[in-house]
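# When you get a sec, could you give me coordinates for this:
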Amino acid sequence: MITKLLDFFDIDYKKLKKCYKDGQLVAIPTETVYGLSADATNTYAVKKIYEAKGRPSDNPLIVHFYDIKQIRNIVDVENENVQKLIDNFWPGPMSLILNIKNKSIISNKVTAGLNSLAVRMPSNKFAREILKQTEVLLAAPSANTSGKPSPTKFSHVYNDLKDKIDIIIKADDSDIGLESTVIDCTKYPFEIARPGDITLKNLKKILGEEGIIYRKNRVIKNPIAPGMKYRHYSPNAELIILDKTLDETLFFLKNKKSDTVFISYKKYENKLKNYDFKIKFLAADEDNIEECNRNFYNILRECDLENIKEIYIMKIKENDVNEALLNRLEKASSKK
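Residues are numbered from 1 along each chain as shown. Model prediction:
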């Protein structure tokens, strides 16, 4: 297979729709990360997603759609609290796990055999146009080799999946840089299955204090959403979180060489000169969470390209807006 790079503005939507109906895999941009999309009703195509990524078969996928009408007969959205979430956060980086009403439409490979389905209406203008023009329900996990950092640029997709998939749509980098917030709406209170750009604090404003929970140390046996069970987002290098002050960290790293990276912040730039190890800046400072989120995977991928052996980062103090970053950092540093 030879992967075709296709500029978004050169898309012929009739041809693209036929590609989906023929079971082809197409990497598309979204506001979160680039997704590897296929027709969610086509079991042959969905199976190819798992094969191309090397993804475990019990790890369910998220179905992306353009209009709520497309999913009303597939999942149960007739719930007051679900409607509140839809009204406030769609289109956007929120995936809802809902009970399935009609199992015959979506491939069983998408749900990994569960009686629930995760669905999302992306806000990215490129993704929305593809969904609108093709009218295809798209199963679309991140367009990367399973377990590796998710792609925020089309070049990341090419590096991972060249000649394993049919088409990569070339468009802008992802705005957010971390995967969507996934909410389990099959029980009450609702539960965050995977944190994302839409935070627990955001959700409590809509659902109330008792309407939504997040158990960050939850033990997962049977994943109901992506990113819950398996090792994810990991670079080739060992990623180590240091529970030290900056001065203690620099003393610890002082003899490290150019095959080591220290991830830090621009505000410390003057203190980070004259060391042999490499410096990569996550953001201006730790409070600029949007910049941190947008840069995190890109830094990990840069480290892979530069054959870095060790990556160090200082422990980040938890707050109301960085739960997604901490989740990805923990998983990227985990050996499980």
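# drop to CA atoms for contacts and neighbour counts, all remaining ones
Will do.
# Could you check how far the residue lying farthest from the centre of the chain is from Ser57?
Largest separation from the mean C-alpha position in the chain: Asn274, at 35.7 Å (Cα atoms, centre = their mean). As defined by Cα to Cα, to the nearest Å, Asn274 lies at a distance of 48 Å from Ser57.
# now Ala27
Distance from Ala27 to Ser57, by Cα to Cα: 20 Å.
# Torsion angles phi and psi at Leu325?
Per-residue torsions, Leu325: phi -60, psi -40 (degrees, to the nearest 10).
# contacting residues around the nearest residue to it once chain neighbours are set aside?
Take Leu325 and drop its neighbours on the chain: the residue closest to it by Cα to Cα, 6 or more residues apart in numbering is Asn293, 6.2 Å away. By Cα atoms under 8 Å, 6 or more residues apart in numbering, Asn293 lies in contact with 176-178, 325.
# Just confirm Tyr44 contacts Gly23, I think it does.
Yes - when contacts are counted by Cα atoms under 8 Å, Tyr44 is listed as touching Gly23 (6.5 Å).
# of these two, who's got more company?
Gly23 (20 against 16; other Cα atoms under 10 Å).
# Find the nearest non-adjacent residue to that one, please.
Using Cα to Cα, 6+ apart, the closest residue to Gly23 is Ala45 (4.4 Å).
# Is that neighbour in a helix, a strand, or coil?
Secondary structure, DSSP: H, G, I helix; E, B strand; the rest coil: Ala45 is helix.
# Which SSE is immediately downstream of the longest helix along the chain?
Under DSSP state H, the helix in the chain containing the largest number of residues is helix 289-305. Where DSSP states H and E defines the elements, the next helix or strand beyond helix 289-305 is strand 310-314.
# Pairing partners for that following strand, with directions?
Using DSSP bridges, the strands paired with strand 310-314 are strand 238-242 (parallel), strand 260-265 (parallel).
# Most tightly packed of those?
Of the strands paired with strand 310-314, the one with the most neighbours on average (mean count of other Cα atoms under 10 Å) is strand 260-265, at a mean of 21.
# got the angle between that strand and helix 289-305?
Between the axes of strand 260-265 and helix 289-305, defined by axes from the mean of the first three to the mean of the last three Cα atoms, to 10 degrees, the angle is 170 degrees.
# Contacts only, for Tyr188.
Counting by Cα under 8 Å, 6+ apart, Tyr188 touches 211-212.
# My reading is that it lies in a helix. Confirm?
No - looking at Tyr188 with three-state DSSP, it is coil, so not inside a helix.
# tell me the pLDDT at the residue nearest to Leu325?
Listed pLDDT for Asn293 reads 98.
# Same check on Pro223?
pLDDT, Pro223: 61.
# so which strand or helix has Tyr158?
Assigned by DSSP H and E, Tyr158 belongs to helix 154-161.
# which residues sit against that helix?
For helix 154-161, using Cα under 8 Å, 6+ apart, the contacting residues are 27, 29, 34, 52-53, 143-145, 151, 168-171, 173, 301.
# 6 Å - rerun?
143-145, 151, 170 (Cα atoms under 6 Å, 6 or more residues apart in numbering).
# Also stretch 171-186?
Residues contacting stretch 171-186 (Cα under 6 Å, 6+ apart): 8, 31-33, 93-98, 152-153, 190-196, 198, 293-294.
# Which ones among these map onto helices?
Short answer: the contacts of stretch 171-186 in helices (DSSP H) are 293-294.
# give me the low-pLDDT residue ranges for the stretch 201-336 of the chain?
Scanning the stretch 201-336 of the chain with the threshold set as pLDDT under 70 gives 218-231, 335-336.
# What are the boundaries of the helices in it?
246-253, 289-305, 323-333 (DSSP state H, counting those that start in this stretch).
# Just want the angle from the first one to strand 260-265.
Between helix 246-253 and strand 260-265, the angle comes out at 170 degrees (the same axes, to 10 degrees).
# Quick one: distance of helix 246-253 to the chain centre.
Relative to its parent chain, helix 246-253 has a centroid offset of 32 Å by Cα atoms, centre = their mean, to the nearest Å.
# do the longest one as well
Using Cα atoms, centre = their mean, we find the averaged C-alpha position of helix 289-305 to lie 13 Å away from the chain's own average C-alpha position.
# cool, stretch 51-67 as well?
11 Å.
# And Ala27 and Ser57? Which one has more around it.
Ala27 (27 against 15).
# what's in contact with the strand or helix carrying that one?
In this assignment (DSSP H and E), Ala27 forms part of strand 26-28. By Cα under 6 Å, 6+ apart, the residues outside strand 26-28 that reach it are 34-37, 167-169.
# mind running it again at 7 Å?
34-38, 127, 143, 165-169 (Cα atoms under 7 Å, 6 or more residues apart in numbering).
# which of these count as buried?
34-38, 127, 143, 165-169 (16 or more other Cα atoms under 10 Å).
# still on that earlier bit, give the buried residues for the longest helix of the chain.
So helix 289-305, judged by 16+ other Cα under 10 Å, has buried residues 289-301, 303-304.
# And stretch 150-166, by the same measure?
Buried, per 16+ other Cα under 10 Å, within stretch 150-166: 150-154, 156-158, 160-162, 164-166.
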